[in-house]
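[1] Sequence and predicted structure, then a few things I'm wondering about:
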There are 2 protein chains.
Amino acid sequence: MATIRDVSKLAGVSVATVSRYLNQSGYVSKEAEGAIVAAIEKLNYKPNNIARSLAGKKTATIGLMVPDILNPFFPEIARAAEDTANKYGYTVILCNTDNNIQKEKNYIDTLVHKQVDGIIISSYTIEPDQVLSLQNRSIPVVVMDKAFPGHPIVSLASDNRKGGRLAAKHLADQGCRKIGHIAGPTHISSSRERTLGYEEVYGKAEWFTPSLMSYGDFSVTGGYKAMLELYEKHPDLDGVFAANDLMAAGALKALKRLGVSVPDEVKLIGFDGIRMDMVYPEISTVSQQIYSLGESAMNFLIKLIKGEELEKKVYEFDVDLMEKDSTKGAGQ
Amino acid sequence: MATIRDVSKLAGVSVATVSRYLNQSGYVSKEAEGAIVAAIEKLNYKPNNIARSLAGKKTATIGLMVPDILNPFFPEIARAAEDTANKYGYTVILCNTDNNIQKEKNYIDTLVHKQVDGIIISSYTIEPDQVLSLQNRSIPVVVMDKAFPGHPIVSLASDNRKGGRLAAKHLADQGCRKIGHIAGPTHISSSRERTLGYEEVYGKAEWFTPSLMSYGDFSVTGGYKAMLELYEKHPDLDGVFAANDLMAAGALKALKRLGVSVPDEVKLIGFDGIRMDMVYPEISTVSQQIYSLGESAMNFLIKLIKGEELEKKVYEFDVDLMEKDSTKGAGQ
DNA sequence: AACATATGTGTAATCGGTTACACATAATTT
DNA sequence: AAATTATGTGTAACCGATTACACATATGTT
């Protein structure tokens, strides 16, 4: 494979000039440029990334840490991040951390030693100190799905509270009178926020009682079990807001199992906006515009890498109500 | 960050000795080793991967090319590949190609220039020549989901034909008398094979007619439409084999929409074994053991990278019938 | 005792780029 | 016309590892 020295020899200029041309830095005359272009063409020369990284510190590689790519939320994030990275000439290393602190640390270590140009972290367990320590080593970081207000950290989060309110209200709008909630894990802040949204709306309703809230672990099975519990205590409920789409799908299964028709007897809404067109009826949800979350995270990170202006704060993303069949009203 | 020279200085030996120790190559005395270990510990030294790659040619990085991580088949592959790579100290670069030949070529180019140690390619469009040309540049490649018999290429493929037969027979075993098929794209060989399996079993049955075969594009929507067509022509069918799980899910939606009960009136089976616990009833499938496909692909690739013995041929993987509720027989 | 082999170590070149610095010439200012 | 400033280029050090080669000493073999 041709090297920069081969090019410089063929073009009759020094390697410095070639390098300057390649990086569009410093002065290069028209003649020199012409000769270099011709030489590159002739030799089919491509700069060696490794050497470039060693000398220049840039690897054009970005680490993407997610809890588990098997969770349908993350492929879309990964896809968006990858598309965007690719557009700017970056490549993405995928890391599954299982929300395991040790795995997370190991991966951060690996990524640092691979000298990635930046890291996107989506994690429930990450601590601000870890992010700050990366930033001190001048490694740009963008955090997803967890907010660190008060710290100089770029993080993206959906407006989960508003989303919770939106979901809760939508059920009432569709005619529900007694609305249960399947909450997610309480140690996950976005999950808590969604539940708080529900409580804000119904916490003081006459019909409200704490046993209208059941807890799941964000999985289909978790939603299934939580729904069975909920229905046993409140067979008269006519609406359910599940804190994520997977639990909503589990709840739907449970309701079908119980012979309860959705949306006629009970209306159901989830949260996330993952692609779940395989269920029937399709479930209404509060959509996070997942793709654009991933895309924005990558755009922010690349800005940081390039040293462009970017305020280090929490960027809140709006959420959208997506009406599907599971909350269709009687007259619709 | 500490370099190998810092370590060599502190340990009172040459960099060559340190390097020999690090790579467990050549001779290193006990005393030298002790001093080196102590120095490494004290300096918290970690070898710089980039420099190592430049000098030694190994990047400990593997490229994983998949059509689209949004297709639920691939997250599991990616997860398995990543877990396995991680176990051996490799890192995975994720590439989405959309089965677009140009994108594929670009990515191969990028990966080659990043000097990845090997590539796993899952693609419908890849040609043997491309793989061979990579191998000529001494880049190990493992191909998934496409077989190149006759070429010295390591590829993994499920026994799709057998799987097709298995699915077809299972429906009969469960009491079906007129069994339709939703085939996948004919240009995808694994898809064709599944259909051939069905034809082998029923092509000569008295009730068989070509219009019992409908075509979809491996998507939920495709399966939905194909099912509607099929049912219109044959409202008396009592079994359907869809060539993948997503189309099976689409078919299930269509049947529910039509008011046909599954499994009572029509039994349904898919193919792939993706995690689809969110549908109800859960759909029987011919499982490919996706995780172990991804795991094996990575294991094979690492073997190739390490120069271990491995026959370059098609490795066929067995498939399993997974009975779920969608094919439950009357008496069950 | 003479020779061969095994063990252990260091020097310096190398991988393929980037870039600080020195230097030359051309274009502008005063 | 002299002094700046802008433009253009090359030399050589450097990034942080690996490794060929030369050399020294210890051990084993006839």
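    Thanks, I have the structure now. Numbers count the residues shown, from 1 in each chain, chains lettered A, B, ... in the order given.

[2] Any chance of the backbone angles for A:Gly270?
    According to degrees, to the nearest 10, the main-chain angles of A:Gly270 amount to phi -110, psi -160.

[3] What sits closest to it if chain neighbours are left out?
    If the residues on either side of it in the chain are set aside, A:Gly270 comes closest to A:Ala248, at 3.0 Å by CB to CB, 6 or more residues apart in numbering or on different chains. The C-beta positions use only the backbone N, C-alpha and C, and glycine is treated the same way.

[4] Give me the pLDDT value at that neighbour.
    At A:Ala248, the pLDDT value in this model is 98.

[5] Isn't it up against A:Tyr224?
    No - counting by CB atoms under 8 Å, A:Ala248 stays clear of A:Tyr224, with 10.5 Å between them.

[6] Compare these two (neighbour count), which wins?
    Neighbours were counted for A:Ala248 and for A:Tyr224 using other CB atoms under 10 Å in any protein chain shown; A:Ala248 has more, 31 against 24.

[7] Excluding covalently adjacent residues, which one is nearest to A:Leu304?
    Nearest non-adjacent residue to A:Leu304 (CB to CB, 6+ apart): A:Pro140, at 3.6 Å.

[8] I meant to write A:Gly12 there.
    Nearest one to A:Gly12, counting by CB to CB, 6+ apart, is A:Ala35 at 6.0 Å.

[9] which SS state does the one you found fall under?
    At A:Ala35, secondary structure determined by DSSP: H, G, I helix; E, B strand; the rest coil is helix.

[10] okay, now it: neighbour count?
    Neighbour number of A:Ala35 under other CB under 10 Å is 20.

[11] Tell me the spacing between it and A:Ser8.
    From A:Ala35 across to A:Ser8, the span is 10 Å (CB to CB, to the nearest Å).

[12] so how far is stretch A:35-53 off the chain centroid?
    Distance of stretch A:35-53 from the chain centroid (CA atoms, centre = their mean, to the nearest Å) equals 36 Å.

[13] Quick check: end-to-end length of it?
    End-to-end distance of stretch A:35-53: 26 Å, with CA to CA, to the nearest Å as the criterion.

[14] Please point out which parts of it sit buried.
    Across stretch A:35-53, burial judged by 16 or more other CB atoms under 10 Å in any protein chain shown covers A:35-36, A:39-40, A:43, A:45, A:47-53.

[15] and for it, what are the contacting residues?
    Applying CB atoms under 8 Å, 6 or more residues apart in numbering or on different chains, the external contacts of stretch A:35-53 come out as A:1-4, A:6-8, A:10-13, A:17-18, A:21-22, A:28, A:58-60, A:115, B:50, B:53-54, B:59, B:113-115.

[16] which stretches of chain A have low pLDDT?
    A:330-332 (pLDDT under 70).

[17] Run a quick check on A:Lys146 versus A:Leu156, I expect a contact.
    No - taking contacts as CB under 8 Å, A:Lys146 lies outside contact range of A:Leu156: 9.1 Å.

[18] Can stretch A:206-223 be said to contact chain B?
    Yes - using CB under 8 Å from any CB of the partner chain, stretch A:206-223 reaches chain B at A:Val220, A:Thr221.

[19] next one: phi and psi at the residue lying closest to A:Gln115 once chain neighbours are set aside?
    Leaving out its chain neighbours, the residue that sits closest to A:Gln115 by CB to CB, 6+ apart is A:Thr59, at 5.1 Å. Torsion angles at A:Thr59 (phi, psi; degrees, to the nearest 10) stand at phi -110, psi -10.

[20] how about A:Thr59, what does it touch?
    Taking CB under 8 Å, 6+ apart, one finds A:Asn49, A:Ser53, A:Lys114, A:Gln115, A:Val116, A:Asp117, B:Ile50 in contact with A:Thr59.

[21] Distance check, it against DNA strand C.
    For A:Thr59, the distance to DNA strand C equals 12 Å [CB to the nearest atom of the strand, to the nearest Å].

[22] same thing with A:Leu166?
    Distance, A:Leu166 to DNA strand C, using CB to the nearest atom of the strand: 49 Å.

[23] and that residue, how many neighbours does it have?
    For A:Leu166, using other CB under 10 Å, the count is 20.

[24] Pull the residues that contact the host helix or strand of it.
    Under the criterion of DSSP states H and E, A:Leu166 resides in helix A:160-173. For helix A:160-173, the surrounding residues in contact (CB under 8 Å, 6+ apart) are A:179, A:181, A:190-191, A:193-198, A:200-202, A:239-241, A:243, A:267, A:269, A:271, A:284, A:286, A:288, A:318-319, A:321, A:323, A:327.
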